[in-house]
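# need the 3D shape of this:
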Amino acid sequence: MARVGITYEQVAQIADAIVGSGQQPTIRTIRDRLSTGSHNTIQRHLATWRDARPQAAAIAPELPSTLLAAIASEIEKAAATARSEIEGRLVQAQGDAAELATAGEQLEDERDELAAQLVAVTTDRDQATATAAERGAEIERMTTELARERHAAEQARIEVAQARNKQESTDERLLEQKTEIERLRQTLEQMQTGKQAAEQAAAVANAKLEAMVDRASRAETRIEQLEKQLTTTMAELNSARTQIISQQTALDAATRETDTMKAQIKESKAEVKKATEEASELRGQLAAVTEQLKSKPKAPKTES
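Numbering: from 1, shown residues only. Have a look, this model is predicted:
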């Protein structure tokens with residue numbers, strides 16, 4: 001019979017509590033809080049919980065300048081490409097982890113079933129051994145009784161030799177004792193046959209028990225291998241998540257740098273506007289001076 005495992009709701013509740021405390025849930029931390037449960041089952045429920053959580057969407061920056069738009073576009077393309085590749089690896093790793101978890105649960109169920117069969121075979125073997133012991137004791141008792149009856153028959157024959165006058169009664173008694181001896185002999189043979197059958201049944205039970213123990217040992221070894229593979233897959237999964245976080249951090253830094261450049265351009269435009277206004281004002285002043293020079297009368301030439 002397969003054991004009752006932990007539920008998704010239990011894993012999701014503990015994972016939410018861990019996130020609420022500012023930490024990231026792992027298989028070990030969840031199992032420590034549950035104090036029970038298979039690593040494979042916890043990993044499968046934890047992967048389902050992670051898939052159900054909302055993912056933060058990256059906001060593409062809108063830039064008014066052609067240069068800033070090109071820079072932001074290249075940054076977004078690089079980040080999207082890296083994020084797509086890492087998310088692909090993440091999905092693959094999650095799929096592998098789910099397959100390993102399913103295989104591990106199947107092996108655990110098989111191990112539990114083998115353990116139940118092992119208990120049943122052990123019980124059958126113990127019963128067969130007890131039956132063989134009982135029949136052996138019965139054979140010994142019957143052997144002792146047969147020896148006693150043979151001794152009694154011998155005594156009867158002596159009595160026949162000594163008491164000729166009781167020949168008929170003695171013959172009848174001898175016949176009865178021979179009949180009883182024959183009955184006891186047949187009973188002894190039957191008990192010996194039963195003992196052999198019990199011994200054979202015990203040998204078959206022992207062979208089944210050894211086979212069950214070997215299968216259980218192989219199942220335990222396979223489970224250990226799957227747990228190691230699951231640990232490696234989870235490490236790759238955590239590494240992929242770390243890379244996604246790094247890419248998001250780089251994107252945020254590029255966005256902040258773009259905002260800074262936009263502010264600088266805005267300041268430059270204001271300075272250009274101010275310089276244009278000052279140049280326009282200087283042109284007006286120059287035009288006024290020119291007009292004044294044109295309207296001023298020329299001095300008469302002196303004749304030599």
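# and for residue 137, the neighbour number?
Residue 137 has 11 neighbours, counted by other C-beta atoms under 10 Å. C-betas here are computed from N, CA, C, even on glycine.
# any idea how far it is from residue 204?
Applying C-beta to C-beta, to the nearest Å, the value for residue 137 to residue 204 is 22 Å.
# likewise residue 252?
71 Å.
# now do the strands in the stretch 201-304 of the chain.
Taking DSSP state E, counting those that start in this stretch, the stretch 201-304 of the chain contains no strands at all.
# quick one: low-confidence parts of it?
The stretch 201-304 of the chain contains residues with pLDDT under 70 at 202, 205, 209, 216, 219, 223, 230, 237, 244, 296-304.
# helix or strand: which one has the spatially most central residue of the chain?
Among the residues of the chain, the one closest to the centroid is residue 40, at 1.6 Å (C-alpha atoms, centre = their mean). Using DSSP states H and E, the element containing residue 40 is helix 39-52.
# quick one: distance of that helix to the chain centre.
9 Å (C-alpha atoms, centre = their mean, to the nearest Å).
# buried sites along that helix?
39-47, 49 (16 or more other C-beta atoms under 10 Å).
# packing partners of it?
Other elements packing on helix 39-52 under the criterion 3 or more C-beta pairs under 8 Å, 6 or more residues apart in numbering; DSSP states H and E are helix 8-20, helix 27-34, helix 66-162, helix 167-295.
# how confident was the prediction at residue 51?
We have a pLDDT of 90 for residue 51.
# and it, what is it in contact with?
residue 94 (C-beta atoms under 8 Å, 6 or more residues apart in numbering).
# and it, how far from residue 189?
For residue 51, the distance to residue 189 - C-beta to C-beta - is 73 Å.
# how about residue 48?
From residue 48 over to residue 189 the distance is 68 Å, taken as C-beta to C-beta.
# now swap in residue 239 and tell me
For residue 239, the distance to residue 189 (C-beta to C-beta) stands at 76 Å.
# got it, and residue 25?
From residue 25 over to residue 189 the distance is 72 Å, taken as C-beta to C-beta.
# who's more crowded, the two?
In this view residue 25 and residue 189 are compared by other C-beta under 10 Å, and residue 25 has more residues nearby, 21 against 12.
# quick check: that one touching residue 31?
No. Residue 25 sits out of contact with residue 31 when judged by C-beta atoms under 8 Å, with a separation of 10.7 Å.
# now residue 37. Its backbone dihedrals?
Here is the backbone geometry of residue 37 (degrees, to the nearest 10): phi 100, psi 150.
# what about it, neighbour count?
Burial of residue 37 is recorded as 18 neighbouring residues (other C-beta under 10 Å).
# what sits against it?
5-6, 30-31.
# now those residues in JSON lines, with pLDDT?
Formatted as JSON lines, the contacts of residue 37 follow (pLDDT from 0 to 100):
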{"residue": "5", "pLDDT": "75"}
{"residue": "6", "pLDDT": "88"}
{"residue": "30", "pLDDT": "95"}
{"residue": "31", "pLDDT": "94"}
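# tell me the one among those nearest to residue 295.
The closest of these to residue 295 turns out to be residue 30 (C-beta to C-beta; 94.6 Å).
# wait, what's in contact with the closest one?
11, 14-15, 18, 37, 42, 46.
# of all those residues, which two lie farthest apart?
18 and 37 (15.1 Å).
# could I get the phi/psi values of residue 53?
Torsion angles, degrees, to the nearest 10, at residue 53: phi -70, psi 140.
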